[in-house]
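[1] sequence unknown, structure follows:
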Ligand SMILES: Cc1cc2nc3c(=O)[nH]c(=O)nc-3n(C[C@H](O)[C@H](O)[C@H](O)COP(=O)(O)O)c2cc1C
Ligand code: SF4
Ligand code: SF4
Ligand code: FES
């Protein structure tokens, strides 16, 4: 948040400059902003609107259409649990319930220490290894309910 | 060939390609420098380590490094080449290491096994038996899986290089005749001839609808315009399918090459790959592939001196299933909300930015270089008369060997599920297989011998779809699964047209109440009526096919729906609200394990005495059912 108030990082600004004149750039720019902040802060969207001369309403129209874009700050570790068909059949809904139980959060809430949030996703493309969850860039395969405590503990201490 | 390999490796990327182009000549197919072809070359062995996302989750990266380190330590560095490849398809048993030229598979390999493999297979030339795939199958003799069955019935065109080459090294692709098709098209074929070859091959779109690819290119080719585009649809939205991801991760150049051929054929100078943001590894490999192709003069201005220009750019999706639909995808690529628009006009005349556009699926493109190189006759000889070539499926669900399979069209579902997939896991009974994901339907045991083709699957009330194949057993409830798919469609409906926006919601509400035991007389009739209306009146095929899973399960499993509605019973035990766990007094020995496992807790009983469940408090988690070792806990 603070960073966005004082302006975009040089890298982010350079990216915007590079993409500014490419047709259909909005989604790529939003991806880059979310990569920087973990979500799309309101003032970053406003700043983007000014720098590419697009109405803020149009930008929000796009942000809200796509599941991937978040307008709320997620936990430091987002636990993405797959709810695709293969994972669902192997009980991933129970994994989501259990993980929410362990962390004591619901929906898109973040734990009080700001460390975790849970994001049910549709298919991570590792269906052969269902059920699957992903923390950061690490995929955990064939996860059982019993393993969740350990997985979470690992990221807590990291 | 070993020598040739060395040369290829020591050449810095960016130098002229093998046998190449400065002179305007074709990219020569450079012998068969692929690993494995070199059996005759003697001493040198190859270890191919799977670097697909699936295996990476099982530390294949660490394994790769450990193998390198051990080869160094044990002083056999020159006797082995360790290569990271794309997915072998056999995800169930990952991480996989394939040994060449002996073609042995090691399964479930851990970084700790590196030393044994190097010392055994490489230094002493003896297999590490405990890791070898065949052996493992033999031990599990009861499974009745013939040796190596997973690969026996497969035929690889699309996945020809997956698990064989290093996807981050263009030289390895070139060594396997890569970019030879582009050279052939550019220098020996007119655009019309390319189209004719594709049409004669019978290749049809693998993204779901099965439209003839040659015709699609021809329509775009003849559309007059100053600017045209080529798009690769890598949005792969079907939850439970990952063929396209594996293709791009394992062989990104096949798609790049095909898109360049397409650009030349239709007269487009610009291409886009629209790929899911959820696939970071595939995106990275594609970026590398595009950069390498540019450096080799295979993309960009004046490709190989032919005067043809074609540049390629990657654009990311953002998690909306409807953006897999071609008109929605193009709106998204233009930077808008991804909402479909009515057809016609078709993309071939008015697509991206209203310019003529070819849009094809990843797998469709991956077939193209092979059609050009080996000819339409060869391609058309594979498969059935109207569905030529092969199809890749992601075989998942309750199957013993889940993974990617590529089979000739015309193979039966039974062969895929039972011979290749090894049947149902845990000795359970087969119930049905869903093809076409949330747009498809269920196929039951009586139709397992149908040969797979676009027409046959449609006739069975399902569809080819993009290649998801989800196997269900007796523990899966068809009502619950239909509800799952409908929930998905509610989430993913873009809301533009009323039949889909309202219909999916209404159907979901009814399905939900049936699974909770509150189904009403006449609910099935309502589902059918709403479903038919949606099918007819929706603007795009998301709404147009959203009712399929429900309608097809009602057709095949009407009695199960009725059981839910009338008897408040779910025979598979999936619908939690309808299950009841009880403890059989004559079987319970009073060990108390269930009571300790129960999270509520709501099981009481003296030690060594019969235990009872307090039904009012039970949350139906099923822990007691799984934990009891004496079969005393039953669900009904
Ligand atoms: C709701 C919906 C989702 C789709 N998703 C995909 C997809 O993920 N990948 C794909 O290639 N085609 C998808 N399609 C099909 C495309 O609209 C289009 O037919 C296809 O990309 C054409 O390529 P092909 O001729 O090579 O199959 C989808 C269609 C619909 C209606
Ligand atoms: S059918 Fe559904 S997804 Fe397609 S346009 Fe209509 S509302 Fe949107
Ligand atoms: S199903 Fe779960 S809550 Fe109910 S009795 Fe068994 S362990 Fe306890
Ligand atoms: S369904 Fe979970 S990874 Fe595909």
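    On my side now, so go ahead. The structure displayed is predicted, hence computed values, not measured ones. Ligands and ions are numbered 1, 2, ... in the order given.
[2] what residues does chain B put near ligand 4?
    Where chain B comes near ligand 4, counting by C-beta under 6 Å from any ligand atom, the residues are B:239, B:240. All C-beta atoms are positioned from the backbone trio N, CA, C, and that covers glycine.
[3] who in chain B is up against ligand 2?
    Proximity of chain B to ligand 2 is confined to B:322, B:340, B:493-497, B:500-501, B:538-540, B:542-543 under the rule C-beta under 6 Å from any ligand atom.
[4] near chain A, from these?
    Counting by C-beta under 8 Å from any C-beta of the partner chain, the subset of the residues of chain B next to ligand 2 that neighbours chain A consists of residue B:494.
[5] hmm, which of the residues of chain B next to ligand 2 are the buried ones?
    With burial judged by 16 or more other C-beta atoms under 10 Å in any protein chain shown, the buried subset of the residues of chain B next to ligand 2 is B:322, B:340, B:493-494, B:496-497, B:500-501, B:538-540, B:542-543.
[6] on that earlier part again, so which of the residues of chain B next to ligand 2 comes closest to residue A:132?
    Minimum separation from residue A:132 among the residues of chain B next to ligand 2 (C-beta to C-beta) is found for residue B:322, which lies at 23.5 Å.
[7] how far away is the closest one from residue B:531?
    Residue B:322 sits 19 Å away from residue B:531, taking C-beta to C-beta, to the nearest Å as the criterion.
[8] show me the domain layout of the chain.
    I went with chain A, as the question did not name one. Using automatic domain parsing, the domain parsing of chain A gives A:10-65, A:77-156.
[9] chain B was what I was after
    If the domains of chain B are taken from automatic domain parsing, they occupy B:22-143+B:160-168, B:178-379, B:390-473, B:478-567, B:580-635, with pieces of a single domain joined by a plus sign.
[10] is the second one anywhere near ligand 1?
    In other words, domain B:178-379. Yes: contact of domain B:178-379 with ligand 1 is found when judged by C-beta under 6 Å from any ligand atom, involving B:205-209, B:211, B:233, B:235-237, B:322, B:324-326, B:359-361, B:364.
[11] measure that domain end to end?
    The separation between the terminal residues of domain B:178-379, taken as C-alpha to C-alpha, to the nearest Å, is 17 Å.
[12] what mean pLDDT does that domain have?
    Confidence over domain B:178-379 (mean pLDDT, whole number) is 96.
[13] what of the third one?
    Mean pLDDT, taken over the full extent of domain B:390-473, equals 93.
[14] circling back: filter the residues of domain B:178-379 next to ligand 1 down to just the ones in strands.
    Taking DSSP state E as the definition of strands, these contribute B:233, B:359, B:360, B:361.
[15] any idea whether the most far-flung residue of chain A relative to its centre is helix, strand or coil?
    No residue in chain A has its C-alpha farther from the mean C-alpha position than residue A:21, which lies at 26.9 Å (C-alpha atoms, centre = their mean). Secondary structure, DSSP: H, G, I helix; E, B strand; the rest coil: residue A:21 is coil.
[16] before we move on, the earlier item: turn the residues of chain B next to ligand 2 into CSV, including secondary structure and distance to residue B:191.
    CSV is the format used below for the residues of chain B next to ligand 2 (DSSP: H, G, I helix; E, B strand; the rest coil; distance: C-beta to C-beta, whole Å):
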residue, secondary structure, distance to residue B:191
B:322, helix, 33
B:340, coil, 30
B:493, coil, 39
B:494, coil, 36
B:495, coil, 41
B:496, coil, 36
B:497, coil, 38
B:500, helix, 39
B:501, helix, 42
B:538, coil, 36
B:539, coil, 34
B:540, coil, 31
B:542, helix, 34
B:543, helix, 37
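[17] farthest pair in the residues of chain B next to ligand 2?
    Checking the residues of chain B next to ligand 2 against each other with C-beta to C-beta, the farthest-apart pair comes out as B:340 and B:501, at 12.7 Å.
[18] where exactly do the strands run in chain A?
    For chain A, the strands defined by DSSP E occupy A:77-82, A:116-121, A:133-135, A:138-140.
[19] any chance of those in JSON lines, plus distance to ligand 1, mean pLDDT and mean neighbour count?
    Below are the strands of chain A laid out as JSON lines (distance: least, C-beta to the nearest ligand atom, whole Å; pLDDT from 0 to 100; neighbours: other C-beta atoms under 10 Å in any protein chain shown):
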{"stretch": "strand A:77-82", "distance to ligand 1": "17", "mean pLDDT": "94", "mean neighbour count": "23"}
{"stretch": "strand A:116-121", "distance to ligand 1": "16", "mean pLDDT": "93", "mean neighbour count": "21"}
{"stretch": "strand A:133-135", "distance to ligand 1": "20", "mean pLDDT": "92", "mean neighbour count": "22"}
{"stretch": "strand A:138-140", "distance to ligand 1": "21", "mean pLDDT": "86", "mean neighbour count": "19"}
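[20] re the thing from before, out of the domains of chain A, which gets the lowest mean score?
    Sorting the domains of chain A by mean pLDDT places domain A:77-156 lowest, at a mean of 91.
[21] number of residues surrounding residue 131?
    In the absence of a named chain, chain A is used. 27 (other C-beta atoms under 10 Å in any protein chain shown).
[22] to clarify, I was referring to chain B.
    Going by other C-beta under 10 Å, the residues that sit close to residue B:131 add up to 22.
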